[in-house]
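S.K.: Fold the following.
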Amino acid sequence: MADHSVFAIPEFDASEYANAVLSGEPYPPPSTAIPSPVTGSSTEAHVLGQPQMQGSRPRSMLSTLSVLEPAREDISVAISKLDLGIEDASKQIKALVTAHHEDLLLYSSNTRHWSGLLASVRQGLDDVELSIHQLRRKIRLPYESLQMQVTRLQRIHYANNALRRIGRFFVLEKRLETLAEELARYELGASWTSEGERDPSRDAGAIDGKRLSAESHEEKGRVITKAALTITELGTFPAVSFEVAADLGAGALLDDGSDIEDDQRDACQYGATTAGRFNHVPLCSVNIVAAYIPFISDTRAKVTKEVEAMVIQGLTALATSSLQAAYNLQMLPQLVAGLMKDLTDAAERRIRNAFDLLSMSKEIIAKEPHQVSQSQLYKSRVRTEPTSVTAPQFAAALWARLESLIEQMSGCCVKVYTLEKVLNLKRDPATGVSFLDSLENKPSSTFWASLGMTLEKCCWDAAKSSTFLQQTLSSGYLRLLRLFHEFFASIALHTDTVYTESHQSPETVVVLRALSTFEGIYLSRSLTRLNEAVSQAFLAGTRVPPNANDGIAIARLITNELDSARFDPLLVRAVAKNVATTLDNVATKADALISTERSAVSLLGPLATPQQVLNGQVASCLYYSYTKLSTLMEDHPQTISALIQPGINKILTRYDCVIDPLLAAIRNEIAAVISRIHRVDLQKSADSMAGMTGPSLYMKDLADKLDFVKTSILSNFAQEIARSWIPGIVKYVIRTFVLHASIASPLTEVGKLQLTTDMTELEFALSAFLIDNLQGKRGGSLESIGEEYKMLRAMRPLLFLENSHLGSSERTAGLPPLVVLHHILVRSPIPLPHTLHGWQETEYVRWIEDHSPQEAYSLIESSLNQWQHESGAGEYIQLAWIVLRHAKGER
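M.R.: Here you go, the predicted model:
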């Protein structure tokens, strides 16, 4: 079958096709694509919800015509083929219609149904469009009319507002004219006073200058205040001149900002699209108003000049009207800033002049031209430096200038704080805000910051450029500091500055920190003096160790340094830190000298070892340093004590390192000698003791040992240290002897007599040990020892009491219950506690010293319970229980 796909092209044209066939050209041209045989009918059918027509297509319709061969046949033959092709196409179309007639009928029915629906929808849309047109006609016309009325009302409001402001302007202008005339009369009166005579032509309405200065000065201030307030109300930018505003076209100069805000608020309320400054009428553009602008500008210049003069003059008298006038002109911050700059500049000039050696030398020459020659003033390399001859005169002049500087600074500071108080009291009548809150920085803060910075810079420059100033002010730093204390005291009544031990105001700290250059030099020299004293004391080392006098000298120097700086809480803290460093140095150097060898605590005799002598000297130095400084800390506050106390504790620790081992060695040696009592035969008969009434050998050795300790050991220490040790040593000797004597067994009557003799010898030895040591004079006695001496005296009658009296507390008064229990066990067949446990007498006595009496009673109770049924021990056990009950009852 022939290819008929060319007839399915949407752009098929029969005439062009015929011409192409006749001319032998391809159709369609090569640039034209032959579409797919699938058309949009299927898509439309699918959209309408109908099934797509299905069926097979001829192969000739699925191919694409590419090239038509040129016609080689006759035209009639070609036409006949064309007719056949058309007939064939008709048949195919008819076949397709016949095959799909049902679908075509369904498509036709659906098309008719949707056409009706579309007609009804079109009718509804026409009705809606008509309704919208009617609504637009009902709303748009009233809206346009209302908008025109609102615009007219807004323009009326602008005109009304402009008229109101013009009326207010003329009211203020008339008031300003009245105030200007009144101010002119005051100026005329003042000029007459200065000229000395009056001009009769100007006498009308003028105020007498004398009356002005005497009565009407305050009234003039009120007039200026009212004029300033009026000028401020006439313009919102008083810092800009009226001429400049007029040249720039700044109409807001005479416009109230609140009016513009009202216009904007009304515009929003009425729905206007434009409002504010664009539609606001500037009063400067009104000719009748612009004519008065030069007069207002001139008046404002005069009032500003008067206000500036009043503020400067009022700093002394603090006229509140001048501050009120400056605030009304909205120039208060600028005037206060300028005034503070003048004050700080003046203070800076005075401070620099106080340290200016060149002007100082000229002043000295002017005062004493005959006594001080020019050659004497300039002998040093730096021409402004004084010589050794003129140094006292320069120093006197320097201190005189500093005293004058302190007085001037006090007056200036009082003025600043008084100004600040007045600014804090004065308030805006409309807002209630104080004048001080309207300033960016407080005048006092500006003053203190500038003063501290200037003073610090001048002190630094003076110390760096002049050796004379550095030496004079650093050596006399305490005097300089007292001048500033006088400065703080003079301004304390007028300011809120506080400089006490517990609290220092930031302002005072800033000023004193400016003196840190001279303070550092002073502290350095103070530390040097302290270190030199310590180095001098420990210079010779072990050859000549420091003694008590060196310790007193160190403590006295520390006391002087602290007392000198005591008036200033910050300086005394810095000195205390130096003292702490010095005490650490003392402890370190003493630790290096202290001997810890065995010979330092040896008591063999007959003389003290070199190590003992060395330790005695060092301990005496440490003792006096510790005691003097501990007493000094009671007079200083807790903050200072906290800085120095660690150093004092280190010295005490080093002192204890010398004392504790030596005292322990003395106790051990004495205890070893007394323990030899148990080697004495105390059960001899009376015949063997005939002619032998002297003390025992151990007691003689004890007396010799005590004498050795007193003369050889304690003499190496300061007398005060020895006096503090002797009572403790005596008490220890008595306690140890009584304990050993109470357990000495077996004991006969002869042995009791021997113990009595030994006690008498012990009393003589202890009395000799006390004499010449208590209070540094003779007359010391054992009665001053107290309970221990009573115990020794009560030991004698205990040895000779009947057994029945041993349980009586009256008969054994002055003796510890433990000693009585020991004596009862010595008389009884019951062994002593140390015998049961296998201890030596010395071990048992040491155990008693290390434990409480209750533990000792428990030990004896265990012994009594163990020997409860021993024959012949009943009486003693009963007496022991009585003593134990008394002991427990006492506690």
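
S.K.: what are the phi and psi values for residue 504?
M.R.: Dihedral angles of residue 504 (phi, psi; degrees, to the nearest 10) stand at phi -130, psi 120.

S.K.: let me redo that: residue 433
M.R.: Dihedral angles for residue 433 - degrees, to the nearest 10 - are phi -80, psi 130.

S.K.: low-scoring stretches of the stretch 1-150 of the chain, by residue?
M.R.: 1-3, 31-73 (pLDDT under 70).

S.K.: Please enumerate the strands of it.
M.R.: Taking DSSP state E, counting those that start in this stretch to define them, one finds no strands in the stretch 1-150 of the chain.

S.K.: quick one: the helices in it?
M.R.: 14-23, 41-47, 59-62, 75-99, 101-195 (DSSP state H, counting those that start in this stretch).

S.K.: can the ones you listed go into a markdown table with extra columns for mean neighbour count and distance to residue 729?
M.R.: The way it works is simple: take the backbone N, C-alpha and C, and place the C-beta from them, glycine included. Formatted as a markdown table, the helices of the stretch 1-150 of the chain follow (neighbours: other Cβ atoms under 10 Å; distance: least, Cβ to Cβ, whole Å):
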| stretch | mean neighbour count | distance to residue 729 |
| --- | --- | --- |
| helix 14-23 | 13 | 150 |
| helix 41-47 | 12 | 130 |
| helix 59-62 | 13 | 140 |
| helix 75-99 | 12 | 147 |
| helix 101-195 | 13 | 97 |
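
S.K.: how about a markdown table for the ones you listed, with distance to residue 404 added?
M.R.: A markdown table is the format used below for the helices of the stretch 1-150 of the chain (distance: least, Cβ to Cβ, whole Å):
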| stretch | distance to residue 404 |
| --- | --- |
| helix 14-23 | 123 |
| helix 41-47 | 111 |
| helix 59-62 | 124 |
| helix 75-99 | 130 |
| helix 101-195 | 33 |
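
S.K.: among those helices, which is nearest residue 851?
M.R.: Between residue 851 and the helices of the stretch 1-150 of the chain, the shortest separation by Cβ to Cβ is 103.1 Å, and it involves helix 101-195.

S.K.: Distance from the closest one to the middle of the chain?
M.R.: A distance of 61 Å separates the centroid of the chain from that of helix 101-195, by Cα atoms, centre = their mean, to the nearest Å.

S.K.: Specify the angle between it and helix 75-99 in degrees.
M.R.: Angle between the axes of helix 101-195 and helix 75-99 is 90 degrees (criterion: axes from the mean of the first three to the mean of the last three Cα atoms, to 10 degrees).

S.K.: quick one on the thing from earlier: and of the helices of the stretch 1-150 of the chain, who's closest to residue 728?
M.R.: helix 101-195 (93.3 Å).

S.K.: Can you list the helices and strands that the closest one packs against?
M.R.: For helix 101-195, the packing partners by 3 or more Cβ pairs under 8 Å, 6 or more residues apart in numbering; DSSP states H and E come out as helix 209-214, helix 217-234, helix 257-270, helix 287-290, helix 293-317.

S.K.: Residue nearest the middle of this structure, spatially speaking?
M.R.: Nearest residue to the geometric centre of the chain (Cα atoms, centre = their mean): residue 506, 12.1 Å.

S.K.: The helix or strand in which residue 400 is found - contacts with which helices or strands?
M.R.: Using DSSP states H and E, residue 400 maps to helix 391-425. If you count contacts as 3+ Cβ pairs under 8 Å, 6+ apart, helix 391-425 packs onto helix 293-317, helix 320-328, helix 332-354, helix 357-367, helix 443-465, helix 467-475, helix 477-491.

S.K.: where among those is the average confidence lowest?
M.R.: The minimum mean pLDDT among the helices and strands packed on helix 391-425 belongs to helix 320-328 (a mean of 64).

S.K.: pLDDT below threshold where in the stretch 701-850 of the chain?
M.R.: In the stretch 701-850 of the chain (pLDDT under 70), the answer is 772-780.

S.K.: can you list the residues that contact stretch 545-552?
M.R.: Defining contact as Cβ atoms under 8 Å, 6 or more residues apart in numbering, one finds that stretch 545-552 is touched by 536-538, 590, 593, 614, 617-618, 620-625, 628, 718.

S.K.: go with 6 Å
M.R.: Residues from elsewhere that reach stretch 545-552 (Cβ atoms under 6 Å, 6 or more residues apart in numbering): 537-538, 593, 614, 617-618, 620-621, 624-625, 718.

S.K.: Report the contact partners of residue 463.
M.R.: Residues near residue 463 by Cβ under 6 Å, 6+ apart: 470, 517.

S.K.: how close does it get to residue 565?
M.R.: 20 Å (Cβ to Cβ, to the nearest Å).

S.K.: cool, and residue 431?
M.R.: 51 Å.

S.K.: ditto for residue 148
M.R.: 89 Å.

S.K.: list the contacts for residue 751?
M.R.: With contact set as Cβ under 6 Å, 6+ apart, residue 751 has these partners: 682-683.

S.K.: Now do the buried residues in stretch 857-876.
M.R.: 857, 859-860, 863-864, 867, 873, 876 (16 or more other Cβ atoms under 10 Å).

S.K.: Using PDB, write out every CA atom in stretch 291-304.
M.R.: The C-alpha coordinates for stretch 291-304 follow below in PDB (Å, rounded to 0.1, in the frame of the first residue of the first chain):
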ATOM      1  CA  ALA A 291      11.700  89.600  60.600                       C
ATOM      2  CA  TYR A 292      12.300  88.900  64.300                       C
ATOM      3  CA  ILE A 293      15.000  86.300  63.900                       C
ATOM      4  CA  PRO A 294      17.900  88.800  64.000                       C
ATOM      5  CA  PHE A 295      16.600  90.300  67.300                       C
ATOM      6  CA  ILE A 296      16.300  86.900  68.800                       C
ATOM      7  CA  SER A 297      19.800  85.900  67.700                       C
ATOM      8  CA  ASP A 298      21.300  89.100  69.200                       C
ATOM      9  CA  THR A 299      19.500  88.600  72.500                       C
ATOM     10  CA  ARG A 300      20.600  85.000  72.600                       C
ATOM     11  CA  ALA A 301      24.200  86.000  72.200                       C
ATOM     12  CA  LYS A 302      23.900  88.500  75.000                       C
ATOM     13  CA  VAL A 303      22.200  86.000  77.300                       C
ATOM     14  CA  THR A 304      24.800  83.300  76.500                       C
END
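
S.K.: Might you quantify the distance of it from its chain's geometric centre?
M.R.: Distance of stretch 291-304 from the chain centroid (Cα atoms, centre = their mean) equals 53 Å.

S.K.: And for stretch 669-679?
M.R.: 66 Å.

S.K.: do the same with stretch 805-820
M.R.: Centroid displacement of stretch 805-820 relative to its chain, using Cα atoms, centre = their mean, is 68 Å.

S.K.: Show the end-to-end separation of it, please.
M.R.: Terminal residues of stretch 805-820 lie 11 Å apart, using Cα to Cα, to the nearest Å.

S.K.: what does it rub up against?
M.R.: Residues from elsewhere that reach stretch 805-820 (Cβ under 6 Å, 6+ apart): 738, 742, 790-791, 794, 801, 824, 856, 879, 882-883, 886-887.

S.K.: Now restrict these to buried residues only.
M.R.: Using 16+ other Cβ under 10 Å, the buried ones in those are 738, 742, 790-791, 794, 824, 856, 879, 882-883, 886-887.

S.K.: So which of these sit within helices?
M.R.: Taking DSSP state H, the ones among the buried ones among the contacts of stretch 805-820 that sit in helices are 738, 742, 790-791, 794, 824, 856, 879, 882-883, 886-887.

S.K.: Among those residues, pick out the one closest to residue 106, please.
M.R.: So of these, ranked by how close each gets to residue 106 (Cβ to Cβ), first place is residue 856, at 132.0 Å.

S.K.: quick one, what contacts that closest one?
M.R.: Neighbouring residues of residue 856 by Cβ under 6 Å, 6+ apart: 818, 848.
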